[in-house]
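Participant: next comes the sequence, and after it the predicted model I'd like to discuss.
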Amino acid sequence: MSQRSRTALLLAFLVIVWGINWPLSKIALTYAPPLLFAGIRTVIAGIILILAALPKWKQLEFRRLWPVYLASAVLSIVFYYGFQTIGLQYVPSGLFSAIVFLQPVLLGIFAWIWLGESMYGLKIFGLLLGFAGVAALSIGGFTGSISAAGVLLALASALCWALGTVYTKRNAARVDMLWLTAMQIMIGGVILLGAGSVTESWAAITWSGAFIMNTLFIAVFVIALGWMVYFKLINEGEAGKVGSFTFLIPLMSIGSSVVLLHEQITLNLIAGMVLIVGSILLVNVNLGRKRRPKHSL
């Protein structure tokens with residue numbers, strides 16, 4: 001299998017599992033409080049990844065690299081999931097998702113500034129077009145009262161995701177990628193679980209078959225394998241281009257929500273699909289630009 005085919009398969013896997021995560025999480029949240037649910041699924045994923053990384057134990061180097069693990073965990077897991085969980089209480093989920101998926105635009109800009117990746121007018125237009133597509137998909141979320149705090153939390157979630165991705169790629173040469181993924185998820189999960197234990201009640205969890213199956217699926221495929229694939233792609237390719245494909249995730253989310261939650265297909269979905277496909281095509285046009293020297297982060 002060629003490198004291009006393998007990359008395409010990994011991207012398809014990521015879009016599918018991260019897309020279906022939204023309706024599955026919505027279902028699971030009917031059985032458990034948000035922070036405890038986030039902590040449980042993330043800790044399970046962390047345990048799985050640590051077990052997978054054990055044969056490479058010597059490459060952990062925790063005493064030397066713990067600041068990298070901690071910073072990555074705080075940005076990519078604690079803040080990203082934490083701001084997301086809290087912010088959804090203040091604004092409609094559609095609007096919140098549209099703002100969060102500003103992340104690829106921010107990632108493209110940060111990758112240009114700190115990773116030396118190329119940036120030009122067509123690429124900028126493509127990134128903005130993708131965000132417009134996500135906004136079209138989520139137009140229903142713009143109804144009702146809008147909370148400034150909720151909007152700020154959504155922006156913070158997108159910002160932390162983009163910064164966490166850039167931070168991870170900049171430190172990829174210093175750490176083993178499997179251990180970095182495992183430790184950031186485990187540390188982040190423990191922090192989330194601790195926060196949930198303090199602010200929420202374990203007695204509020206209904207340990208039904210649906211909750212257990214959803215939690216395990218999300219822990220294994222969405223978090224453990226999903227983040228591993230995401231950082232592998234980021235490490236091997238241009239962060240901005242890989243990030244642009246995350247615009248497809250809301251499409252998969254809406255499609256799976258139609259099947260699992262019986263939500264309706266609207267004209268917004270069609271408009272969003274057209275804009276998103278255009279975004280990916282524009283961002284991935286090869287104009288032969290050279291990489292600029294990297295700036296310090």
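Facilitator: That came through, no problem.

Participant: wait, what's in contact with residue 255?
Facilitator: residue 19 (C-beta atoms under 8 Å, 6 or more residues apart in numbering). All C-beta spots, glycine's among them, are computed from the backbone N, C-alpha and C.

Participant: is it within a helix or a strand, and which one?
Facilitator: helix 249-261 (DSSP states H and E).

Participant: let's test this: mean pLDDT of that helix, rounded?
Facilitator: The pLDDT scores in helix 249-261 average 79.

Participant: ok, now stretch 85-98?
Facilitator: Here the average pLDDT along stretch 85-98 is 70.

Participant: and stretch 114-127, by the same measure?
Facilitator: On average, stretch 114-127 scores 81.

Participant: could you dump it to PDB, C-alpha only?
Facilitator: Extracted C-alpha coordinates of stretch 114-127, given in PDB (Å, rounded to 0.1, in the frame of the first residue of the first chain):
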ATOM      1  CA  TRP A 114       5.600  28.300  14.400                       C
ATOM      2  CA  LEU A 115       6.200  25.300  12.100                       C
ATOM      3  CA  GLY A 116       7.300  27.200   9.000                       C
ATOM      4  CA  GLU A 117       4.500  25.700   6.800                       C
ATOM      5  CA  SER A 118       3.500  27.600   3.700                       C
ATOM      6  CA  MET A 119       0.700  30.200   3.800                       C
ATOM      7  CA  TYR A 120      -0.700  32.000   0.800                       C
ATOM      8  CA  GLY A 121      -4.000  33.600  -0.300                       C
ATOM      9  CA  LEU A 122      -5.600  30.500  -1.800                       C
ATOM     10  CA  LYS A 123      -4.800  28.400   1.300                       C
ATOM     11  CA  ILE A 124      -6.200  31.200   3.600                       C
ATOM     12  CA  PHE A 125      -9.400  31.300   1.500                       C
ATOM     13  CA  GLY A 126      -9.700  27.500   1.600                       C
ATOM     14  CA  LEU A 127      -9.400  27.500   5.400                       C
END
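
Participant: list the buried residues for it?
Facilitator: Across stretch 114-127, burial judged by 16 or more other C-beta atoms under 10 Å covers 114, 115, 117, 118, 119, 123, 124, 126, 127.

Participant: please apply the same query to stretch 216-225.
Facilitator: The neighbour-count check on stretch 216-225 (16+ other C-beta under 10 Å) flags 217, 218, 219, 220, 221, 222, 223, 224, 225 as buried.

Participant: element containing the nearest residue to the second one once chain neighbours are set aside?
Facilitator: Spatial nearest neighbour of residue 218, chain neighbours left out: residue 41 (4.9 Å); criterion: C-beta to C-beta, 6 or more residues apart in numbering. Element membership for residue 41, per DSSP H and E: helix 34-53.

Participant: confidence score at residue 30?
Facilitator: pLDDT, residue 30: 86.

Participant: oh sorry, the question was meant for residue 202
Facilitator: Reported pLDDT for residue 202: 97.

Participant: residue contacts, it?
Facilitator: residue 36.

Participant: gap between it and residue 48?
Facilitator: Using C-beta to C-beta, to the nearest Å, residue 202 is found at 22 Å from residue 48.

Participant: could you do residue 204 as well?
Facilitator: Noted for residue 204: a distance of 25 Å to residue 48, by C-beta to C-beta.

Participant: same question for residue 100.
Facilitator: 25 Å.

Participant: between the two, which one's more packed in?
Facilitator: Looking at residue 100 and residue 48 with other C-beta atoms under 10 Å, you find the greater number of neighbours at residue 100, namely 25 against 19.

Participant: thinking that one is in contact with residue 161, fair?
Facilitator: Yes. Judged on C-beta atoms under 8 Å, residue 100 makes contact with residue 161 at a distance of 7.5 Å.

Participant: nearest the geometric middle of this protein, what residue?
Facilitator: residue 161 (6.6 Å; C-alpha atoms, centre = their mean).

Participant: how far off centre is stretch 102-117?
Facilitator: 15 Å (C-alpha atoms, centre = their mean, to the nearest Å).

Participant: kind regards, and thank you for your time.
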